[in-house]
Every structure is written in C-alpha cells, then in structure tokens.
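**Student:** sharing a sequence plus its predicted fold:
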Amino acid sequence: MKHFTTLDKSIDYYWASPYSHPDKDVMEARYQEASDLAVEFIKEGFFLIEPIAMCHHKDQLPKGYDYWKTRDRRFIKKSDAVIVCLMDGWKESVGVTDEIYYAKELGKPVYGLDPKTLQVVVL
C-alpha cells in the first residue's frame, strides 16, 4: 500500500464514493466524509471530479442510479483514473460498483483509498 500523495498529480481523477441510502442522515454523513477526504487530495494538488459534492444540495435532481449512470460515465470517460473512497457501503453501492466496472472496461486505473490511513491500493 502507498500513501495517496504518491499518485500522479498531473492527471484527472474521478472521485467515487457511496451516497444513496434510505436514511438521509447516512447520505449526509457519506457526503461529508467523501468531501472531507477530497479536500485532502485538493490541498496536495490533485484534480478531482467530485459528483457527490457537485450535486449533494440539489434535492430537485432525479433519484436512482439510472439518471446518474449516464452522467457519471461521461465524467469517468473524461478522467484518466478513478479513486474509490473505501468508506462504509462502497461494496454494496450500485453506483460505485458500476463506476469501477466502467472504468476498468475503458482500461482506466482504479484505486481504492482507505479513509482512515489514506493509503491507496489498486482495485
């Protein structure tokens, strides 16, 4: 495992994290954790496309992954690699699972970030 700061800062990353949940408090906590971790990357000079941070406060937007799938896949296609925040719920997340699959289908590197140690692994 390597610390996230060893990743290439010259490329664009798609920041994947679980979000949807029946409990709004869980969604808020997921947004906050993913956003706080993204700040650490940004402070180190990384460029992240952050779909949750961009849309968290827009309650009028469609629910469910069907709408977001098309949108998120466009962002992944424009990115050079994907970083998955390995926070609670990432393995069960339909969105994160699809994002990993799509990135790999495109031949893009996919990294997992341990939110506690800030270590990255190749997924």
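**Tutor:** Yes, it's here.
**Student:** in stretch 47-54, which residues are buried?
**Tutor:** By neighbour count with 16 or more other CB atoms under 10 Å, stretch 47-54 contains the buried residues 48-53. C-beta coordinates here come from the backbone N, C-alpha and C atoms, glycine included.
**Student:** need the next SSE after the worst-scoring helix or strand of the chain on mean pLDDT, C-terminal direction.
**Tutor:** In the chain, no helix or strand scores lower on mean pLDDT, DSSP states H and E than helix 51-55, which sits at a mean of 68. Downstream of helix 51-55, the first helix or strand assigned by DSSP states H and E is helix 65-78.
**Student:** how about that following helix as PDB, C-alpha atoms only?
**Tutor:** Output in PDB follows, covering the C-alpha atoms of helix 65-78 (Å, rounded to 0.1, in the frame of the first residue of the first chain):
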ATOM      1  CA  TYR A  65     -28.800   5.400 -10.500                       C
ATOM      2  CA  ASP A  66     -30.400   5.300 -13.900                       C
ATOM      3  CA  TYR A  67     -30.100   9.100 -14.400                       C
ATOM      4  CA  TRP A  68     -26.700   9.300 -12.700                       C
ATOM      5  CA  LYS A  69     -25.200   6.400 -14.600                       C
ATOM      6  CA  THR A  70     -25.100   8.300 -17.900                       C
ATOM      7  CA  ARG A  71     -23.800  11.400 -16.200                       C
ATOM      8  CA  ASP A  72     -21.100   9.700 -14.100                       C
ATOM      9  CA  ARG A  73     -19.900   7.600 -17.000                       C
ATOM     10  CA  ARG A  74     -19.300  10.800 -19.100                       C
ATOM     11  CA  PHE A  75     -17.200  12.100 -16.200                       C
ATOM     12  CA  ILE A  76     -15.300   8.800 -16.000                       C
ATOM     13  CA  LYS A  77     -14.700   8.800 -19.700                       C
ATOM     14  CA  LYS A  78     -13.100  12.300 -19.400                       C
END
